[in-house]
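Novice: Need a 3D model of the following:
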Amino acid sequence: MGMVTGSILNTLQNRPPVLRFLLGLSWALFVLLAITTVVACVNIAFFPAEQQLNFSLFDLIVAIAALKIFSVLLASLHEMRMKQLMPKQPGSALSHLHWALRLTPGNPELHYAWGHLLFLQGDLQGARERYAYVLKLFPLESPAAVYLGRLELSVGNWDAAGFQFGKAYRLRRGVAWNDLREAIPAQVAESVPRKIRSSWSKLNFDQMQLQFLLQGRYLPASFQVLSENYQNLMRQLSSQGAITYPLKLSAQQHAPISPYWGRNVHVSPVPAFPSRVVKITEPEAIEATFLSEGLVVVDHFLAPDALEALLHFCQKSTIWHDDHKEGGYLGSYIDDGFSCPLLYQTARELKESLPSVLGAWSLLQMWGYNHDSHCPGIGLHADSAAVNINFWLTPDEANRDPEHGGLLVYPIEAPADWDFETLNNATEKMAALIAEKAVKPIKIAYRQNRAVIFRSRFFHATDQVDFEPGYLNRRINVTLLYGRYQPEF
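Specialist: Presented below is the predicted three-dimensional model:
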C-alpha cells in the first residue's frame, strides 16, 4: 500500500498539469461539501421540522469528518505544488504554502518549509524566526534546532550553530548524566529511542566503550550492570548461529541495554584553543595543487595537543549511534553529537588558511566514523558538496598495514544530475562510470594527523582497514564538508 501511494505521489509531483487539475477539482468538492454541511447545520439547529436535505446528526458528523479529511488532502496537494514551483517561482510557492498552513496549521513540516523558502529568498531573520517559532510550539522537535543550526552555520555564526546542534542532540538522545547545564525539557530524560534495529558492530562497540569509560572512571560503577547486560545479549546472539546484518532485537532483548543503547550518556566536549590549531605551513602551494588536480594531501595537519583533544572527544563521548550501513563502522554527525567548539575552530581556521579553496563556501556538515579493527569500511560513494577535508586521529601504531587503511580516491567527478541517493547508493552505476573512463584510484595511505583535501564529487572509498584489536586502536576519521547550503523540501 505504501509503495502504491508513493508511486502516485511521485507521478503527481512530476506532472504539474495533473496536479493543478486535482487541486481545482478538490477545491470545488471541498467548497460544495462545506456549503452542504453549513446548510445542514442551520437546518438541524433552527428548522429541524422543515429541513429539505433530510440530514441526520450522524450524517452531519460524517460530513464534518469528510471536511477534515479533504482539508488534509488539499494541504498535501498545495505542499506538492509548492515543491514543483521551487526554486524558480518562490513567490507562487509561498502562496501555496500559506494555503497548506491555513488548512493544517499544526503541521511543523509546513513551518519548516516556510523557513526554507524565506532562507532561499535571502530573508535570514525571517527564516530564523520561523524555525524558532516551531521550537516554541513544539519544544521536543529536534529538526527545528537542526535547521537553526544549519542557518547559523551558513552565515558563519559558529557558536550559535554549535549551541543549536547541541540542543538538537540532547532533544534526540537525552541529557548525559555529566551534562545537565542545558535547559532541555524534562521529557527528554525519559525518552527511549524508537528503533531497536542494531548490528553486531554497534553492540560490540557499545560494550567496549562502556568498559573503557568504567575503567577510566568516567562513568560511575552503577553502569557496570549495563556492560554485563551487553555481554549477556552478545552471548545469547552468538549461540543462535550466524549473525546477520542488520540485527533486529526484540523488545525483551533490547530492554536490558536500553539505558545506554542509542542514548547520550557521557559527553567529553573540547573547548576552542586560545592559539591556532590548523598547522598548514605552505597554503599557497596547497591551494595551487588543489585547484589544478582537485586533490592534495597535508601532513601534520593539526597541532599535537588539538589532535589529542579531538581523539579524546571521540573516544570518551557516547556519540556513535549510526550503523545504517554494513561495513563495520559507526557514524556520528554534526546534528547527532559530532559537535564541539574545537571542531568549529578547526573548520573556521581552514577557511582562513585556504581562501582560494574554501573562501566561497560555508561548512555544510561534519562527521566522524569509528571503525572495527578489521573491516572493509565505507564503500564507493561521492558527496553533495564542493570540498571534502578528511583527516585521521588514531595513532599510526594501531595500523597493522601502514600502506593501507587510508583512502581510495578516483579523480573523476560524479555527473551533476546525480542526486544524494545515487551518489551514496548506486555502487554499480559508479563502478561502470569509472570503468568506462578507465580511471585508476589514487591510494592515500593512513597516517595519523594526515588530511586529504579533495573535490567532494570525486568517487572515494575507505581502503581496507586492518588495525590492532582494542578500543583505543579503532580507526577514527573526521570529515568536514564545505559547499553552499540549500534546504531540502
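Novice: where does Gly405 fall, helix, sheet strand or coil?
Specialist: Look at Gly405: counting by DSSP: H, G, I helix; E, B strand; the rest coil, its state is coil.
Novice: and it, how many neighbours?
Specialist: Residues contacting Gly405 under the criterion other CB atoms under 10 Å number 25. Any C-beta I mention is one placed from the backbone N, CA and C, and that applies to glycine too.
Novice: list the buried ones in the longest helix along the chain?
Specialist: Identified as the longest helix of the chain according to DSSP state H is helix 16-46. Under the neighbour-count criterion of 16 or more other CB atoms under 10 Å, helix 16-46 has Leu19, Leu22, Leu23, Ser26, Phe30, Ala34, Thr37, Ala40, Asn43, Ile44 buried.
Novice: same deal with stretch 401-409?
Specialist: His404, Gly405, Gly406, Leu407, Leu408, Val409.
Novice: What of stretch 320-331?
Specialist: Trp320, His321, Asp322, Asp323, Lys325, Gly327, Gly328, Tyr329, Leu330, Gly331.
Novice: Output the residues you listed in TSV, with secondary structure and pLDDT appended to each entry.
Specialist: Below are these laid out as TSV (DSSP: H, G, I helix; E, B strand; the rest coil; pLDDT from 0 to 100):
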residue	secondary structure	pLDDT
Trp320	coil	98
His321	coil	96
Asp322	strand	95
Asp323	coil	93
Lys325	coil	88
Gly327	coil	89
Gly328	coil	92
Tyr329	strand	95
Leu330	strand	97
Gly331	strand	97
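Novice: Give me the secondary structure label for the closest residue to His374 other than its chain neighbours.
Specialist: Excluding its sequence neighbours, the residue lying closest to His374 (CB to CB, 6 or more residues apart in numbering) is Asp466, at 5.4 Å. Recorded secondary structure, Asp466: strand (three-state DSSP).
Novice: and if you look at Leu291?
Specialist: Leu291 ends up helix, using three-state DSSP.
Novice: burial measure for the residue lying closest to it once chain neighbours are set aside, as a count.
Specialist: Excluding its sequence neighbours, the residue lying closest to Leu291 (CB to CB, 6+ apart) is Ser356, at 6.6 Å. Neighbours of Ser356 under the rule other CB under 10 Å: 13.
Novice: which other helices and strands contact the longest helix of the chain?
Specialist: helix 2-13, helix 57-85 (3 or more CB pairs under 8 Å, 6 or more residues apart in numbering; DSSP states H and E).
Novice: In terms of secondary structure, what does the last one contact?
Specialist: Secondary-structure packing of helix 57-85 (3+ CB pairs under 8 Å, 6+ apart): helix 2-13, helix 16-46, helix 90-103, helix 108-120.
Novice: Show me how far the last one is from its chain's centre.
Specialist: On the basis of CA atoms, centre = their mean, to the nearest Å, the separation between the geometric centre of helix 108-120 and that of its chain is 18 Å.
Novice: which residues touch the helix or strand following it?
Specialist: Using DSSP states H and E, the helix or strand that follows helix 108-120 in sequence is helix 124-137. Helix 124-137 is contacted by residues 108, 111-112, 114-116, 118-119, 141, 144-145, 147-148, 151, 155 when judged by CB atoms under 8 Å, 6 or more residues apart in numbering.
Novice: Give the PyMOL command for selecting the buried subset of these.
Specialist: Buried residues within those, by 16+ other CB under 10 Å, are selected in PyMOL with:
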select buried, resi 111+112+114+115+116+118+119+141+144+145+147+148+151
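Novice: quick one: which of the contacts of helix 124-137 is nearest Asp206?
Specialist: Among these, Ala145 lies closest to Asp206 (CB to CB), at 25.4 Å.
Novice: Excluding chain neighbours, what is closest to Arg475?
Specialist: Distance criterion CB to CB, 6+ apart; nearest residue to Arg475, sequence neighbours excluded, is His371 at 4.1 Å.
Novice: That neighbour and Trp392 touch, don't they?
Specialist: No. His371 is not in contact with Trp392 according to CB atoms under 8 Å; the separation is 10.6 Å.
Novice: re the thing from before, who are the neighbours in contact with the residue nearest to Arg475?
Specialist: Contact analysis of His371 by CB under 8 Å, 6+ apart lists Gly328, Tyr329, Gly377, Thr462, Val465, Phe467, Arg474, Arg475, Ile476, Asn477.
Novice: Over to Phe391?
Specialist: For Phe391, the contacting residues are Phe301, Leu302, Asn449, Arg450, Ala451, Val452, Asn477, Val478, by CB under 8 Å, 6+ apart.
Novice: Buried residues in stretch 92-107, which are they?
Specialist: Buried-residue list, stretch 92-107, by 16+ other CB under 10 Å: Ala93, Leu94, His96, Leu97, Trp99, Ala100, Leu101, Leu103, Thr104, Asn107.
Novice: was I right about the third one contacting Leu85?
Specialist: Yes. Contact between His96 and Leu85 holds when scored by CB under 8 Å: they sit 6.9 Å apart.
Novice: could you point out where this structure is predicted with low confidence?
Specialist: Counting by pLDDT under 70, the chain has low-confidence residues at 1-14, 47-56, 179-195, 489.
Novice: hmm, try it at 80
Specialist: 1-18, 39-60, 63, 86-88, 90, 177-196, 241-242, 488-489 (pLDDT under 80).
Novice: how does it divide up, domain by domain?
Specialist: Domains of the chain are assigned by automatic domain parsing as 2-105, 194-257, 283-483.
Novice: And the helices in the stretch 351-489 of the chain?
Specialist: Ranges of helices within the stretch 351-489 of the chain are 355-358, 420-425, 427-437, based on DSSP state H, counting those that start in this stretch.
Novice: before we move on, back to that, just the contacts of Phe391 now: which is nearest Phe205?
Specialist: Closest approach between those and Phe205, by CB to CB: Asn477, at 15.3 Å.
Novice: ok, that closest one - contacts?
Specialist: Gly368, Tyr369, His371, Asn390, Phe391, Trp392, Leu393.
Novice: All the strands of the stretch 351-489 of the chain, residue numbers only.
Specialist: 362-371, 374-375, 387-392, 407-413, 442-444, 451-455, 458-462, 465-466, 476-483 (DSSP state E, counting those that start in this stretch).
Novice: Would you mark the buried spots in the host helix or strand of Arg235?
Specialist: Using DSSP H and E, Arg235 sits within helix 224-239. By 16+ other CB under 10 Å, the buried positions in helix 224-239 come out as Leu226, Ser227, Asn229, Tyr230, Leu233, Met234, Leu237.
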